[in-house]
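Asker: My questions are about this predicted structure, shown below with the sequence.
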Amino acid sequence: MVCYLCGMLKTTLLKATEAAAAIMKEYFDKSFTISNKEGMNNLVTEVDHKSEEAIIRIIKEDYPDHFILSEEAGELAKDSTYKWIIDPIDGTVNYANGIPICCVSIAVEIDAVMELGAVYNPFIGELFFAQRGYGATLNDKIIRVSDKKNVLESCLVTGFPYTYLDTPNGPLQIFEKFIRKGVPVRRLGSAAIDLCWVAAGRFDGFYEHKLSAWDSAAGFLIVEEAGGKVTDFKGEHYSPYQPHIIATNGKIHDEVVRIVNGGEI
């Protein structure tokens with residue numbers, strides 16, 4: 001029964017993802033209004049809202065009774081076991097500056113379990129998709145995480161919060177620890193893409209201190225379905241409703257957890 005429902009949900013999910021991506025492409029590198037949310041350079045654009053409106057309209061047409069959680073609209077609450085988690089543009093700062101590293105990210109949670117996720121960057125033509133128990137794909141081709149076995153040989157990716165966290169083992173301290181040992185750490189500006197590129201084996205690991213559910217809901221499922229491992233900073237069960245994330249190929253996971261918690265490389 002669930003698989004049958006997932007097939008129907010997938011159709012709506014991909015339709016919404018493609019509609020939002022078309023809006024992103026239409027306005028890319030053109031003039032549009034930009035405003036600021038909490039924190040320096042925490043931007044929202046006119047296109048974020050247009051993308052979000054298209055996604056929500058498509059979901060409501062097919063599933064008017066489903067719960068929706070979206071970055072700009074917030075909670076559109078319904079008494080439902082189905083929840084759609086939406087980031088209409090992940091990587092808004094990149095988008096606003098004409099940098100084509102940004103995407104649409106949509107996930108579907110059923111009975112508090114993430115079951116479907118799609119992440120689409122229309123500028124480089126990459127559509128990542130996962131259904132729980134069925135693996136992860138990039139443009140319909142199966143993807144797998146990398147085989148790197150230790151951090152010193154790995155290529156990592158991270159992000160920094162708009163409101164800096166001045167805490168022990170904060171973002172800059174951990175970043176410095178890696179780069180002082182010569183470990184390459186990239187910063188793309190889109191957590192959803194970071195996660196998908198871990199799933200595709202381009203990166204071996206990703207960590208970030210402060211994400212929201214819409215940043216990671218689709219991407220973390222894609223990593224898991226590609227054979228990777230995703231936890232919180234303690235190495236425990238990952239929930240997108242808490243801020244910390246470590247996602248790796250699984251082989252370097254314990255090492256990354258130890259380093260993020262103050263251990264040496």
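Answerer: Thanks, I have the structure now. Residues are numbered from 1 along each chain as shown.
Asker: Helices of this protein, residue ranges please.
Answerer: Listed from the start of the chain, the chain has helices (DSSP state H) covering 2-27, 46-62, 92-96, 171-180, 191-199, 213-225, 253-260.
Asker: what's the closest of those to Thr163?
Answerer: helix 171-180 (11.1 Å; CB to CB). The C-beta positions use only the backbone N, C-alpha and C, and glycine is treated the same way.
Asker: which parts of that closest one are buried?
Answerer: For helix 171-180, the neighbour count (16 or more other CB atoms under 10 Å) marks Pro171, Ile174, Phe175, Lys177, Phe178 as buried.
Asker: OK, contacts around the most centrally placed residue in the chain?
Answerer: Central residue of the chain (CA atoms, centre = their mean): Ala192, 2.4 Å from the mean position. Ala192 makes contact with Asp87, Asp90, Gly91, Cys103, Ser105, Val119, Asp215, Ser216, Ala218, Gly219 under the criterion CB atoms under 8 Å, 6 or more residues apart in numbering.
Asker: of those, buried ones?
Answerer: Buried subset of the contacts of Ala192 (neighbour count, 16+ other CB under 10 Å): Asp87, Asp90, Gly91, Cys103, Ser105, Val119, Asp215, Ser216, Ala218, Gly219.
Asker: do you know how far the closest residue to Ile59 other than its chain neighbours is from Gln173?
Answerer: Of all residues not flanking Ile59 in the chain, Trp84 sits nearest, at 5.4 Å (CB to CB, 6 or more residues apart in numbering). Using CB to CB, to the nearest Å, Trp84 is found at 36 Å from Gln173.
Asker: Would you confirm that Glu126 contacts Tyr120?
Answerer: Yes - counting by CB atoms under 8 Å, Tyr120 is a contact partner of Glu126 at 7.2 Å.
Asker: Pick out whichever of these two has more residues nearby.
Answerer: A direct count of neighbours by other CB atoms under 10 Å for Glu126 and Tyr120 places Tyr120 higher, at 23 against 16.
Asker: Nearest to Phe160 among the helices of the chain would be which one?
Answerer: Among those, the nearest to Phe160 by CB to CB is helix 171-180 (5.0 Å).
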